[in-house]
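Student: How does the following fold in three dimensions:
(one chain, ligands or ions: 1)
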Amino acid sequence: MHAAPVSMGWRHALIVGGTGMLAGASRFIAARTQTTSLLARTQASLSSLRQSLPAHLDVATTAVDYRSAQAFSEAIRIRVEAAGAPDVVLAWIHAEHAAQALAAQLASYGSTLRFFHVLGSASASPAASLLRRRMHYDALPGLSYHQIVLGFICDERGSRWLCDDEIAQGTIQAVSAGAPKHVVGVVEPWEARP
Ligand SMILES: NC(=O)c1ccc[n+]([C@@H]2O[C@H](COP(=O)([O-])OP(=O)(O)OC[C@H]3O[C@@H](n4cnc5c(N)ncnc54)[C@H](OP(=O)(O)O)[C@@H]3O)[C@@H](O)[C@H]2O)c1
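Tutor: Here you go, the predicted model:
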C-alpha cells in the first residue's frame with residue numbers, strides 16, 4: 001500500500017473524540033483548516049480544547065453521544081448544513097457501527113473526503129483483521145480511508161502502552177503521510193504487548 005502525501009489546507013474538518021489523547025492532533029488539523037467541527041460527548045472536554053486553540057480559528061463544538069445513532073447523525077447533518085461536507089475526518093470512536101454509520105453518511109453527501117480512523121491496539125491482534133475491517137469503508141464512493149493503529153512501545157526495558165503525546169504525534173504523522181494504514185509504535189510481536 002502506498003502513502004499519498006496529504007496536501008494540507010482543508011475546508012472543513014470534522015473531528016470526533018478528539019478532545020482527549022488526540023487533542024494535539026485536533027489542534028494540528030484545526031490550524032490548517034478553514035472550519036473545524038469538534039464533536040465529543042461532554043461540553044467540558046470540548047470547551048477545554050476550544051480554549052487551547054487560537055481564538056481567530058473558526059471552530060464549532062457539538063456535545064453529542066455517538067452511541068445515540070439518531071442524535072449523532074442529526075448533529076453531523078447540522079454541521080454539514082452549516083459548513084458543507086467535510087473534506088477531512090478524524091474519528092476516535094469506540095463503537096464500530098457508529099464509525100461505519102458516520103462514514104456512510106458523509107459519503108452520501110457526494111463529495112470526496114479523507115477519513116482517518118484511529119483504532120485501538122486490539123484491532124491489530126492476530127484474531128482481528130484490519131483488512132476485513134476496512135472493506136466497508138473502501139466500498140464507499142469518494143471516501144479515502146486511512147487506519148491509524150495505536151500500538152505499543154517495545155524497547156530493551158520491556159514494553160509499555162503509548163502516552164497521549166506519542167498518540168497525538170503519531171496521529172499527526174499519519175494524517176500528514178496519508179497512508180492507507182499507519183501504526184503508531186509497534187504491534188509486533190503481538191506477544192510482547194504490555
Ligand atoms: N495503544 C495504546 O497505547 C492506547 C490505545 C488507546 C488508549 N490509550 C490510552 O488510554 C487513555 C484513555 O483512552 P480514551 O479512549 O478514554 O481516550 P481519550 O481520547 O482520552 O477520550 C475519548 C475521546 O472520545 C470522546 N468520547 C468518548 N465517548 C464518547 C461518546 N460516547 N460519544 C462522543 N464522544 C465520546 C471523549 O470526549 P468526552 O470526554 O467529552 O466524552 C474524548 O474526546 C488515553 O489517554 C491513552 O493514553 C492507549
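Student: ok, the closest residue to the ligand within the chain - contacts?
Tutor: Residue of the chain nearest the ligand, by C-beta to the nearest ligand atom: G20 (2.2 Å). No exception for glycine: its C-beta is placed from N, CA and C like everyone else's. For G20, the contact set (C-beta atoms under 8 Å, 6 or more residues apart in numbering) comprises S45, W92, D164.
Student: How about L90?
Tutor: Applying C-beta under 8 Å, 6+ apart, we find L90 in contact with 13-16, 18, 22, 25-26, 29, 116, 118, 171, 175.
Student: hmm, who's touching the helix or strand harbouring S73?
Tutor: Assigned by DSSP states H and E, S73 belongs to helix 69-83. Residues from elsewhere that reach helix 69-83 (C-beta under 8 Å, 6+ apart): 12, 14, 35, 37, 39, 60, 62, 64-66, 86, 97-98, 101-102, 105-106, 109.
Student: mind checking how far it is from the chain centre?
Tutor: Offset of helix 69-83 from its chain centre (C-alpha atoms, centre = their mean, to the nearest Å): 17 Å.
Student: likewise stretch 112-121?
Tutor: Once both centres are worked out by C-alpha atoms, centre = their mean, stretch 112-121 turns out to sit 5 Å from its chain's centre.
Student: so what's the closest residue to P54 other than its chain neighbours scoring on pLDDT?
Tutor: Nearest residue to P54, sequence neighbours excluded (C-beta to C-beta, 6 or more residues apart in numbering): A31, at 7.5 Å. If you check A31, the pLDDT there is 96.
Student: A128 now?
Tutor: At A128, pLDDT is 85.
Student: Just list the residues touching F115, thanks.
Tutor: Taking C-beta under 8 Å, 6+ apart as the test, what F115 contacts is V89, A91, A103, L106, Y137, L143, S144, Y145, H146.
Student: pretty sure the fourth one contacts L113?
Tutor: Yes. Counting by C-beta atoms under 8 Å, L106 sits close enough to L113 to count as a contact (5.9 Å).
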